[in-house]
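**Student:** sequence below, structure please.
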Amino acid sequence: MREDAGLTRTGRFCGGLINDIKRKVPFYPSDFKDAISLQCVASYFFIYFACLTPIITFGGLLGDATKNNMASMESLVAGMICGVLFGFFSGQPLTILGSTGPVLVFETIVFEFCKGQDWEYLPFRLCIGVWIGIILLVLVATDASALVCYITRFTEENFATLIAVIFIIKAIEKLFAIGQKTPISPSPCYCSPTDDLPGWNYTLSMLKPDEGNEIGKFSKQACTFPYPFSNTTQPDISGIESVGCHYVPNAFLMSCLIFIGTFLISYHLKKFKSQNFFPAIVRNYISDFAVVIAIVSMTTMDILVGVDTPKLSVPDKFAPTLPTRGWLVHPIGSNPFWTPIAAVVPALLGSILIFMDQQITAVIVNRKEHKLLKGGGYHLDLLIVAICIVINSILGIPWFVAATVLSINHVRSLTRESECAAPGEKPQFLGIREQRVTHILIFVTVGLSVFMTPLLSKIPMPVLYGVFLYMGVASLNGLQFFDRILLFLMPKKYQPDYPYLRQVPLNRVHMFTMVQIFCFMALYVIKSFKQTSILFPIMLVVMILVRKLLDLFFTKKELQVLDDILPEFKRHDRLDDEEALQKETDDTEEKEETPDDRRTSLRCTESSLEVPMLNGNVLRIPHNALNAINITEEMNKSGCWKSLEENGKNVVQKESTKNSKKKSRRMSLVKEEEEGGIVIK
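**Tutor:** Predicted structure coming up:
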């Protein structure tokens, strides 16, 4: 399996990269033909809006951090260049690129360092970017991506859960930030001085409210006011207008309504596929276009109601944000001649950040549960990212790497399921629609968003925050770590019949989950503080070491069920692991197939029928109650039934292979009544 995924060292120069190319070339034509589906259209609209908002948001934050050397306009151009190149030539085009928090912190640190040394920021950043590209190329040539095999479910689900939780928290914080800028109750309108003034209070700088301003222009408008106690010759004091000068009634309440409405419509319509209304094809289309329907309906409602909520702000001019710079960066500028050599030091840290951010998201996208048929391309993906970083450094635009939540939602939006099923049976998961077209079109449209400003400016920001909330919640679905956390809150008889609960005792499952929770909390604390957030990708390496220590406390079989087995460096250690797992599997099969165990499944006494349960208890059923027992209801109540077999009778047919023996269930002689349910006779 590792060899098929390209996660083994070949021992040849660029051997992993060559294997990735050989693996992906036969599927290249089908990567475009497989996109002929309305599901891809729905995915395109969903992920486009999901990408556009963080690109603009990160661009604004980057503009504040770098004094507009790079801002929203540069982020849009970076998205178009990186997205199109990655979409055409990457090994796994399902991965969505975007700006990430650690990269933003890295850019801020570099800018502050250049400011302190009185260096030009963009030329020094270009040197760092070139060194990062060289280092990543060396990692590609030496098959360093094979180390990704040490990122198991333990690490990847900690990372994915953290990013999903951050998306949820940030979406709610953005909503309440609207309430701070547009409070429900009116407040005084005054000019707040930018510098501390002795003896000042707001009554000394009252202004007349301006009712003509839009909500998007309310914040930090410049103003001046005369100050009678000033000791300087300056007649007026500079300041900014207070929120009360631009009071918009009901803006926050309306924002809350469309925020919640967008989330609820997206969440429930996405599950509409399993409802009983309309034909199957209609249900599928409604489910695929759930987020698009939510955005359109809530935007329409916002326009009809007419409350001035904050809108999406997109640059309307294709030009660098800073008028004094162009689209090409000088490699040295006015910096000392030796700065290109000194840039290798921060480049080492930047390479670690980008390598970990890129590869752990690639592991999540390529996980075996997604049933990808065309394989991944870790080495090829890293090569394209390295090329994009060098190009973006030359143009003076932000660096893009794999974005976890966006990638997960892109994969989920392309899920393929069986079209027909028996009444009451859930559709079977068939895999993912693997193609390149949605990735390419998404980022082409991101780059062209500059020319769609009149249309995009109609979309309220709370609608997009609602999409963020939905993406965060949807990313948690299907994570075993999150499911195991919920088990703490469930009584044992109501717990779902997860496969790992059949093979690992519940207390051992809880112990494993507690270790993951502590690691998650450590990651969240490090990510939350600006001073330590740059160490976040490095902490993922620590998570791998913690996972290695778990080998001392859990058996190989338990770790194989709850996580994945870490590969060993030495061949004899790998063989020992394989033999140990095989021995445990054989022992389990022999135990399951013992005739004595089968004959003792049920025990009949003079007064009752005794049924052994999985938890060790014995259920005693009186003889006079046997005709009234509905097994279907009892199974739904307890969740602990595994097998029932009438004493002395074997109704389970022998299977021909060992795999089918493990999966077969032993049931008692039963008869289905016409009214529904299974009743013991």
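
**Student:** contacts and neighbour counts: CA atoms only from here.
**Tutor:** OK.

**Student:** and S413, how far is that from L448?
**Tutor:** S413 sits 23 Å away from L448, going by CA to CA, to the nearest Å.

**Student:** all strands for this protein, in order.
**Tutor:** 97-98, 191-193, 222-226, 236-241, 401-402, 415-417, 429-432, 603-604, 608-612, 618-622, 670-672, 678-680 (DSSP state E).

**Student:** just put these in TSV and tack on mean pLDDT.
**Tutor:** Formatted as TSV, the entries for these read as follows, by pLDDT from 0 to 100:
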stretch	mean pLDDT
strand 97-98	88
strand 191-193	77
strand 222-226	72
strand 236-241	73
strand 401-402	88
strand 415-417	84
strand 429-432	84
strand 603-604	70
strand 608-612	74
strand 618-622	73
strand 670-672	39
strand 678-680	42
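
**Student:** okay, those in JSON lines with mean neighbour count and distance to I394 next?
**Tutor:** Converted to JSON lines, the strands of the chain look like this (neighbours: other CA atoms under 10 Å; distance: least, CA to CA, whole Å):
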{"stretch": "strand 97-98", "mean neighbour count": "24", "distance to I394": "18"}
{"stretch": "strand 191-193", "mean neighbour count": "23", "distance to I394": "40"}
{"stretch": "strand 222-226", "mean neighbour count": "16", "distance to I394": "36"}
{"stretch": "strand 236-241", "mean neighbour count": "18", "distance to I394": "37"}
{"stretch": "strand 401-402", "mean neighbour count": "26", "distance to I394": "17"}
{"stretch": "strand 415-417", "mean neighbour count": "15", "distance to I394": "38"}
{"stretch": "strand 429-432", "mean neighbour count": "16", "distance to I394": "36"}
{"stretch": "strand 603-604", "mean neighbour count": "16", "distance to I394": "78"}
{"stretch": "strand 608-612", "mean neighbour count": "18", "distance to I394": "71"}
{"stretch": "strand 618-622", "mean neighbour count": "14", "distance to I394": "72"}
{"stretch": "strand 670-672", "mean neighbour count": "13", "distance to I394": "72"}
{"stretch": "strand 678-680", "mean neighbour count": "17", "distance to I394": "70"}
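
**Student:** which among the ones you listed is found nearest to K458?
**Tutor:** strand 97-98 (23.8 Å; CA to CA).

**Student:** residues contacting the spatially closest residue to P340 that is not a sequence neighbour?
**Tutor:** If you skip the residues right next to it in sequence, P340 has C127 as its closest partner in space, 5.3 Å away by CA to CA, 6 or more residues apart in numbering. With contacts defined as CA atoms under 8 Å, 6 or more residues apart in numbering, the neighbours of C127 are P331, I332, T339, P340, A343, S393.

**Student:** mind doing that once more with 10 Å?
**Tutor:** With CA atoms under 10 Å, 6 or more residues apart in numbering as the criterion, the residues that contact C127 are 133, 330-332, 339-344, 347, 390, 393-394.

**Student:** can you put the residues you listed in JSON lines and add distance to F278?
**Tutor:** What follows is the contacts of C127, written out as JSON lines (distance: CA to CA, whole Å):
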{"residue": "G133", "distance to F278": "53"}
{"residue": "H330", "distance to F278": "61"}
{"residue": "P331", "distance to F278": "62"}
{"residue": "I332", "distance to F278": "64"}
{"residue": "T339", "distance to F278": "66"}
{"residue": "P340", "distance to F278": "64"}
{"residue": "I341", "distance to F278": "66"}
{"residue": "A342", "distance to F278": "65"}
{"residue": "A343", "distance to F278": "61"}
{"residue": "V344", "distance to F278": "61"}
{"residue": "A347", "distance to F278": "56"}
{"residue": "V390", "distance to F278": "52"}
{"residue": "S393", "distance to F278": "52"}
{"residue": "I394", "distance to F278": "54"}
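
**Student:** which of those residues are buried?
**Tutor:** Among the contacts of C127, those classed as buried by neighbour count (16 or more other CA atoms under 10 Å) are G133, H330, P331, I332, T339, P340, A343, V344, A347, V390, S393, I394.

**Student:** got those as TSV, with distance to I260 and pLDDT columns?
**Tutor:** Written out in TSV, the entries for the buried ones among the contacts of C127 read as follows (distance: CA to CA, whole Å; pLDDT from 0 to 100):
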residue	distance to I260	pLDDT
G133	43	92
H330	48	84
P331	48	83
I332	50	81
T339	51	86
P340	50	87
A343	47	88
V344	47	90
A347	43	89
V390	41	92
S393	40	90
I394	42	91
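
**Student:** could I get these as TSV with distance to C82?
**Tutor:** Rendered in TSV, the data for the buried ones among the contacts of C127 read as follows (distance: CA to CA, whole Å):
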residue	distance to C82
G133	14
H330	21
P331	21
I332	24
T339	27
P340	24
A343	23
V344	23
A347	20
V390	11
S393	12
I394	13
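
**Student:** which of those residues lies closest to F468?
**Tutor:** Nearest to F468 out of the buried ones among the contacts of C127 is S393 (CA to CA; 29.1 Å).

**Student:** closest one to I442 among the strands of the chain?
**Tutor:** Put simply, out of the strands of the chain the one that sits nearest I442 is strand 97-98, at 10.8 Å, with distance taken as CA to CA.

**Student:** now for that closest one, which elements pack on it?
**Tutor:** Applying 3 or more CA pairs under 10 Å, 6 or more residues apart in numbering; DSSP states H and E, one finds that strand 97-98 makes contact with helix 38-65, helix 72-89, strand 401-402, helix 404-412.

**Student:** wait, which of those is closest to V292?
**Tutor:** helix 38-65 (6.0 Å).

**Student:** buried residues, that closest one. List them.
**Tutor:** Result for helix 38-65 [16+ other CA under 10 Å]: buried residues 39-63, 65.

**Student:** settle it for me: which of S413 and L448 has more neighbours?
**Tutor:** Under the neighbour definition other CA atoms under 10 Å, S413 and L448 were set side by side, and S413 has more, 22 against 14.

**Student:** now V140: closest residue in space, sequence neighbours ignored.
**Tutor:** Leaving aside its chain neighbours, V140 sits nearest to H379 (5.5 Å; criterion: CA to CA, 6+ apart).

**Student:** export stretch 258-275 as PDB, just CAs?
**Tutor:** Included here for stretch 258-275 are C-alpha records, laid out as PDB according to Å, rounded to 0.1, in the frame of the first residue of the first chain:
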ATOM      1  CA  ILE A 258     -28.700  35.400   7.600                       C
ATOM      2  CA  PHE A 259     -25.600  33.800   9.300                       C
ATOM      3  CA  ILE A 260     -27.800  31.200  11.000                       C
ATOM      4  CA  GLY A 261     -30.000  30.800   8.000                       C
ATOM      5  CA  THR A 262     -27.000  30.100   5.700                       C
ATOM      6  CA  PHE A 263     -25.700  27.500   8.000                       C
ATOM      7  CA  LEU A 264     -29.000  25.700   8.600                       C
ATOM      8  CA  ILE A 265     -30.000  25.700   5.000                       C
ATOM      9  CA  SER A 266     -26.500  24.300   3.900                       C
ATOM     10  CA  TYR A 267     -26.400  21.700   6.700                       C
ATOM     11  CA  HIS A 268     -29.900  20.300   6.200                       C
ATOM     12  CA  LEU A 269     -30.100  20.500   2.400                       C
ATOM     13  CA  LYS A 270     -26.800  18.600   2.300                       C
ATOM     14  CA  LYS A 271     -28.500  15.700   4.000                       C
ATOM     15  CA  PHE A 272     -31.600  16.000   1.800                       C
ATOM     16  CA  LYS A 273     -30.200  13.100  -0.300                       C
ATOM     17  CA  SER A 274     -31.500  10.600   2.400                       C
ATOM     18  CA  GLN A 275     -35.000  12.100   2.700                       C
END
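
**Student:** and it, how far out from the chain's middle?
**Tutor:** 19 Å (CA atoms, centre = their mean, to the nearest Å).

**Student:** ditto for stretch 376-393
**Tutor:** Computed by CA atoms, centre = their mean, the chain-centroid distance of stretch 376-393 equals 21 Å.

**Student:** now swap in stretch 384-394 and tell me
**Tutor:** Worked out by CA atoms, centre = their mean, stretch 384-394 lies 24 Å from the chain centre.
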